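K.L.:
what would the 3D arrangement of this be:
(2 chains)
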Amino acid sequence: MTSKRVGLLFAAGSAIAVAAIAAFPIALRAQQAPAPQHPAATGDDGDVVVTLCDGKTNVPVKGLKPGEQMSHERALAFTRGIMADWQRKHPGEHWEMAQAESPSGAQPAAAASPAAASGPAIQQGDTYASFHERDYMVWQAETQKFVDFGNKVFHSDKLLGSTIGVSCDMCHPNAANTHPESYPKYQVQLQRVALLRDMIDWCIENPVKGVALKPDDERLRALEAYILAQRRGVPLSYGKH
Amino acid sequence: MAVRYKSVETRYMEERDRLMRAMPRLDRRAFLKVAAAAAGTVLAKGLLPPHTFQLVSVAEAAPDKTAAMAGSTGSGPFTFAYISDSHLYERTLNQRFVRAITKAVDDVNALDPQPDFVLYGGDLAQLGRPAELKMGAEILKAVKAPVKMMVGEHDWFYDMGEQWQDLFGPPNYSFDWKGVHVVVLMSVHEKDFWTPRGMTPAQRMQTVAGLDNAVQSRFEVGDDERKWLADDLSKVAHTTPLIVFSHSPLYKYYRNWNFWTDDAEEVQALLKAFSNVTVIHGHTHQMLFNQIDNISFYGMLSTAWPWPYAPEGLPPLTIQMNRVDPFDQFDGCGDGRNNVSAAGLVDSIYNLWDRNPVTVSANYLRSQGREAGPPAPQFASY
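P.N.:
Numbers count the residues shown, from 1 in each chain, chains lettered A, B, ... in the order given. Now for the predicted structure:
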């Protein structure tokens, strides 16, 4: 090793040592302050108290002390019990539950066993078989959010970038007369075969007098989403004039 | 489907260009032949273009010019024109709508003979701002014939009609004209939706300005004004022809877009006893007509932009205007003229810009479509 390198190593080593020494008191101090603990809440008898997901209902588990573990069956019975209690106290209110957690449904893995299945066996274990009701709800909510953003842009001359105060809904209330199901088709105003997004951009440049949106612009994608969403159920017929 | 695309208006303009280009090359005899042939064609097509070629003069009694100034108590046929739904923004923001309304003013000023009066059909401003209304008033001062103003929702809901009434007077009124009783209604009242939502005037106006905005209330004439109308009509004989100007249609076409008057049935009931009633309305920005019992309805064109036909509720008598070309600012827009016969029947001439004009006759409506109606579109809406 060259003396230069040795020198560098020594410098690095001493820097680390100095840093460690400097940190030592901090580490000591940290040890003196207790680490965050998450003890189970306890009730009057010292029993563990379980809080329902409404954030308000607290129910003690009789005989269970902090640190002890319940069996799976006991835990299921207990949670079903407090859920039933809640539903009794709130008649007519609906608590949305994921499929796997519903009191009536068994775990997906259990459904695979022929003994537990009541109908024909359903394939399990692949990607799409592993999604639940809650996942679909989330996806639907996300899609609707995107369509709602498209709705907002559609109705806003400012978001469209119009220089003359014109928005899409002025000629297309509820996206009427947009006919997304007829694309691709030859669009005479563009002098070529167009997709819906080409016509949207053309309209933004011409009647709306803004700047055409780039293909990956969130606004263009959202406008397309909103327009398509208004034509649910209409059969596709590309090339229709 | 033909590969070559030529719009109706392109074909019309080409035909007209061919005629104009051929004119200078004619000798006198040939010219007279052409003129007679053109006049014959115009008569045969039933066209009465108000300003393009004036080869045919309408065989009607000339309107009494002195009476035109002070309202008329004479009788006999007359003509009135309309300009409607201009939706003006201030000039600094938008020249397009200003250009359109001035085009309409030019059209109306070029009419020969001049109409007895010009109805302004409502929605002069887009967002009800005083500057927009004042600019509109200035532009309309250039109209030679007397102008009768009618209010639309875009004029009203920023300041609840304060500036409008300052400029143009009461929003509903009536007058008699050559044996016809004319009523101008304020038919775009809305039940208060803005106070519970804590909206500012600008927010209220923006809400009303959105056609497909489900937040606003449906249009109505309202109890007070219906009482006024009943009282006004009580002084009119049932044989007197009635013309009612209204911004909302006074019937129920399409609720979602407020092509609708909530108390339409009550208003129609007040008009039922009269033998001859015509309603001329704005708001719908399209060629639109209807007949309900004794009442004929004609929708006015907008100068600013055309609305599409609603997905449901279109009156069966309406012949749609052909698909609109978004490339042409003026397509689907225009102004119009109404010919009132001696009996008080009203024919409506839609002066569609960049297209052939279309005449819809009272006979077509009152015969429930048995008499010949206007030509059909090539592309109806879907």
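K.L.:
for the most centrally placed residue in chain B, which non-adjacent residue is closest in space?
P.N.:
Residue closest to the mean C-alpha point of chain B, counted by C-alpha atoms, centre = their mean, is B:M300 at 2.4 Å. Closest residue to B:M300 apart from its sequence neighbours, by C-beta to C-beta, 6 or more residues apart in numbering or on different chains: B:S84 at 4.1 Å. To be clear about C-beta, it is placed using only N, CA and C from the backbone, and glycine gets the same treatment.
K.L.:
ok so, going back, now the residue nearest to the centre of chain B: how far from B:M150?
P.N.:
10 Å (C-beta to C-beta, to the nearest Å).
K.L.:
for the two, list the residues in contact with both.
P.N.:
Residues touching both B:M300 and B:M150 (C-beta atoms under 8 Å, 6 or more residues apart in numbering or on different chains) are B:G121, B:G282.
K.L.:
for the residue nearest to the centre of chain B, phi and psi?
P.N.:
Phi and psi for B:M300, reported as degrees, to the nearest 10, are phi -90, psi 150.
K.L.:
pLDDT score for the residue of the stretch 151-300 of chain B found nearest chain A?
P.N.:
With C-beta to the nearest C-beta, the shortest gap between the stretch 151-300 of chain B and chain A falls at B:D212, namely 3.9 Å. B:D212 is assigned 94 on the pLDDT scale.
K.L.:
and it, that's in a strand?
P.N.:
No: B:D212: not assigned to a strand; according to DSSP: H, G, I helix; E, B strand; the rest coil it is coil.
K.L.:
now it. Nearest residue, chain neighbours left out?
P.N.:
A:P173 (3.9 Å).
K.L.:
that neighbour: neighbour count?
P.N.:
Neighbour count for A:P173, taken as other C-beta atoms under 10 Å in any protein chain shown: 23.
K.L.:
helix or strand for the spatially most central residue of chain A, just tell me which one.
P.N.:
With distances taken as C-alpha atoms, centre = their mean, the residue of chain A nearest its centroid is A:V138 (5.5 Å). Per DSSP states H and E: A:V138 is located in helix A:133-154.
K.L.:
can you name every helix or strand that the helix or strand following that helix contacts?
P.N.:
Scanning forward in sequence from helix A:133-154 by DSSP H and E, the next helix or strand is helix A:157-160. In terms of contacts (3 or more C-beta pairs under 8 Å, 6 or more residues apart in numbering or on different chains; DSSP states H and E), helix A:157-160 is packed against helix A:133-154.
K.L.:
buried ones in the helix it packs on, by neighbour count?
P.N.:
A:F146, A:V147, A:F149, A:G150, A:N151, A:V153, A:F154 (16 or more other C-beta atoms under 10 Å in any protein chain shown).
K.L.:
which strands or helices does it pack on?
P.N.:
helix A:157-160, helix A:218-229.
K.L.:
angle of the helix holding A:V138 against helix A:218-229?
P.N.:
110 degrees (axes from the mean of the first three to the mean of the last three C-alpha atoms, to 10 degrees).
K.L.:
with just CA atoms, put helix A:133-154 into CSV.
P.N.:
Taking C-alpha atoms only, helix A:133-154 is exported to CSV below (Å, rounded to 0.1, in the frame of the first residue of the first chain):
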residue,chain,number,x,y,z
GLU,A,133,-64.8,-7.0,-3.4
ARG,A,134,-62.8,-4.3,-1.6
ASP,A,135,-60.2,-4.2,-4.4
TYR,A,136,-62.9,-3.7,-7.0
MET,A,137,-64.4,-0.9,-4.9
VAL,A,138,-61.0,0.8,-4.8
TRP,A,139,-60.5,0.4,-8.6
GLN,A,140,-64.0,1.7,-9.3
ALA,A,141,-63.4,4.7,-7.0
GLU,A,142,-60.1,5.5,-8.7
THR,A,143,-61.7,5.3,-12.1
GLN,A,144,-64.6,7.5,-11.1
LYS,A,145,-62.1,10.0,-9.7
PHE,A,146,-60.4,10.2,-13.0
VAL,A,147,-63.6,10.5,-14.9
ASP,A,148,-64.7,13.2,-12.5
PHE,A,149,-61.5,15.1,-13.2
GLY,A,150,-62.2,14.8,-16.9
ASN,A,151,-65.7,16.2,-16.2
LYS,A,152,-64.1,19.1,-14.5
VAL,A,153,-61.7,19.8,-17.4
PHE,A,154,-64.5,19.4,-19.9
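K.L.:
now do that helix: everything it contacts.
P.N.:
In contact with helix A:133-154 (C-beta under 8 Å, 6+ apart) are residues A:96, A:98-99, A:159-160, A:167-169, A:172, A:175, A:218-219, A:221-227, A:229.
K.L.:
up against chain B, what does chain A have?
P.N.:
Residues of chain A found near chain B (C-beta under 8 Å from any C-beta of the partner chain) are A:155, A:164-166, A:169-174, A:176-177, A:179, A:188-189, A:203, A:206-207, A:241.
K.L.:
helices of the chain, residue ranges please.
P.N.:
Using chain A here. A:3-32, A:72-89, A:108-112, A:133-154, A:157-160, A:196-205, A:218-229 (DSSP state H).
K.L.:
think we crossed wires, I meant chain B
P.N.:
According to DSSP H, chain B carries its helices in the segments B:8-22, B:28-45, B:65-70, B:96-110, B:130-140, B:153-156, B:162-168, B:201-209, B:223-234, B:264-271, B:362-366.
K.L.:
which residue ranges make up each domain of chain A?
P.N.:
A:39-86, A:137-229 (automatic domain parsing).
K.L.:
what is the burial count for B:P375?
P.N.:
Per other C-beta under 10 Å, the neighbour tally for B:P375 reads 13.
K.L.:
pLDDT below threshold where in the chain?
P.N.:
Going with chain A. A:1-32, A:94-118 (pLDDT under 70).
K.L.:
you answered for a different chain; I wanted chain B.
P.N.:
Across chain B (using pLDDT under 70), the flagged ranges come out as B:1-13, B:16, B:25-74.
K.L.:
specify the residue ranges that define each domain of it.
P.N.:
Using automatic domain parsing, chain B is parsed into the domains B:9-45, B:64-366.
K.L.:
residues contacting the closest residue to B:V346 other than its chain neighbours?
P.N.:
Leaving aside its sequence neighbours, B:V346 sits nearest to B:T278 (C-beta to C-beta, 6+ apart; 4.2 Å). By C-beta under 8 Å, 6+ apart, the contact set of B:T278 is B:P241, B:L242, B:I243, B:V244, B:I295, B:S296, B:F297, B:Y298, B:G344, B:L345, B:V346, B:A362.
K.L.:
which positions in chain B make contact with chain A?
P.N.:
B:1, B:5, B:89, B:93-96, B:126, B:210-212, B:256-257, B:305-308, B:310-311, B:325-327, B:329, B:379, B:381-382.
K.L.:
the residue nearest to B:D212 contacts B:N258, doesn't it?
P.N.:
No: contact between A:P173 and B:N258 fails when scored by C-beta atoms under 8 Å: they sit 9.8 Å apart.
K.L.:
what's the overlap in contacts for the two?
P.N.:
B:L211.
K.L.:
quick one on the thing from earlier: from A:G92, how far off is the residue nearest to the centre of chain B?
P.N.:
From B:M300 to A:G92 the distance is 52 Å (C-beta to C-beta).
K.L.:
before we move on, what about A:D45?
P.N.:
The separation that A:D45 has from A:G92, given C-beta to C-beta, amounts to 34 Å.
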